[in-house]
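Undergrad: Provide a 3D model corresponding to the input given below.
(one chain, ligands or ions: 2)
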Amino acid sequence: MKPFFILLKNYIFELLYPRNLTCVLCHNEVEDSELCDICLGSIQFNTGRVCESCGRMILSGLYHICENCKMLDRYYDRGTSVVIYDEYVKKLIFNFKYHDKRYIAHTMASYMLKKVVELELEIDFDYIVPVPLHQERYKSRGFNQAEVIARFMCESSGLKLNTTLKRIKQTPALNNLSLEERHGALQEAFAISDEIRGNIIIVDDIFTTGSTMNSCCKVLKENGADYILIVSFAVGS
Ligand SMILES: [Zn+2]
Ligand SMILES: [Zn+2]
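TA: Ligands and ions are numbered 1, 2, ... in the order given. Okay, here's the model as predicted:
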């Protein structure tokens, strides 16, 4: 194992077992664990059998690749996610995004790094790239949630933040669109201002169909990226 990962493991251990006795996610009081009973009982972790490509939980079937990945021309190499995106996680992420509770992002970031370590990839990463927000949305929200998470991940891992990837087109909510419609909506939605060489971890808070993430990866690969690992906090089941 590489020194980077050993460092990371020690750091994460300290983060996940903090001295102060509050839940790392909601900050309720706890007795002797990192998560309170409410969070622990409510969160569904993305464990067990997962897609070999994007890291999404696979519930049934013979395939090693999930339905979403099968439909995409994939530009990412691997992926991983911490939890399943359900009502509880939705509230948690909503609190972070709209009530600006950044400690939640800090916890998300540490869990996300832990997932990266668990993959035991023999790869030295060069950059962490957040999925960008369009300028308009950035202005109205005041921050990009993916970038906040990415910054925490950089602080903990020593990797460099790279924000050369930009969203140059506003995209509608993609959930209810067909694959072709999503493809159309994301056409030329992302661009890059500089070439980006090396191995990349691309980060977002939520991973649903994978179309947005894949469009980002396409631009990154076309501009010099080598290996791309996609890491999200929550994944749609
Ligand atoms: Zn809690
Ligand atoms: Zn997949």
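
Undergrad: please identify the helix or strand for residue 107.
TA: helix 102-119 (DSSP states H and E).

Undergrad: er, residue 63 actually
TA: Per DSSP H and E, there is no helix or strand for residue 63.

Undergrad: neighbours around the nearest residue to it once chain neighbours are set aside, how many?
TA: Closest residue to residue 63 apart from its sequence neighbours, by CB to CB, 6 or more residues apart in numbering: residue 70 at 7.3 Å. C-beta: built from backbone N, CA, C; applies to glycine. Residue 70 is flanked by 11 other residues according to other CB atoms under 10 Å.

Undergrad: please identify which helix or strand holds residue 70.
TA: Going by DSSP H and E, residue 70 is in helix 67-71.

Undergrad: need the next SSE after the helix holding residue 107, C-terminal direction.
TA: strand 127-130.

Undergrad: hang on, the earlier thing: what residues of the helix holding residue 70 count as buried?
TA: 68, 69 (16 or more other CB atoms under 10 Å).

Undergrad: what helices or strands is the very next helix or strand once past that helix leaning on?
TA: As assigned by DSSP H and E, the chain's next helix or strand after helix 67-71 is strand 78-84. Here strand 78-84 is seen to pack against helix 102-119, strand 225-235 when contacts are counted using 3 or more CB pairs under 8 Å, 6 or more residues apart in numbering; DSSP states H and E.

Undergrad: wait, which of the ones you listed is closest to ligand 1?
TA: Ligand 1 lies closest to helix 102-119 among the helices and strands packed on strand 78-84, at 9.8 Å (CB to the ion).

Undergrad: now do the nearest residue to residue 194 once chain neighbours are set aside, the pLDDT please.
TA: Take residue 194 and drop its neighbours on the chain: the residue closest to it by CB to CB, 6+ apart is residue 164, 4.6 Å away. At residue 164, the model reports a pLDDT of 95.

Undergrad: one more: residue 116?
TA: Per-residue pLDDT puts residue 116 at 96.

Undergrad: quick one, what contacts residue 200?
TA: 125, 126, 127, 128, 129, 162, 220, 225, 226, 227, 228, 229 (CB atoms under 8 Å, 6 or more residues apart in numbering).

Undergrad: format these as TSV; extra columns: distance to residue 56 and neighbour count.
TA: Output for the contacts of residue 200, formatted as TSV (distance: CB to CB, whole Å; neighbours: other CB atoms under 10 Å):
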residue	distance to residue 56	neighbour count
125	21	18
126	25	18
127	24	21
128	21	29
129	20	28
162	25	22
220	20	25
225	22	27
226	23	14
227	19	17
228	16	24
229	14	23
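
Undergrad: which is the next helix or strand following the lowest-mean-pLDDT helix or strand in the chain?
TA: Sorting the helices and strands of the chain by mean pLDDT, DSSP states H and E puts helix 3-16 at the bottom, at a mean of 55. Once the chain leaves helix 3-16, the next helix or strand it forms, by DSSP H and E, is helix 37-42.
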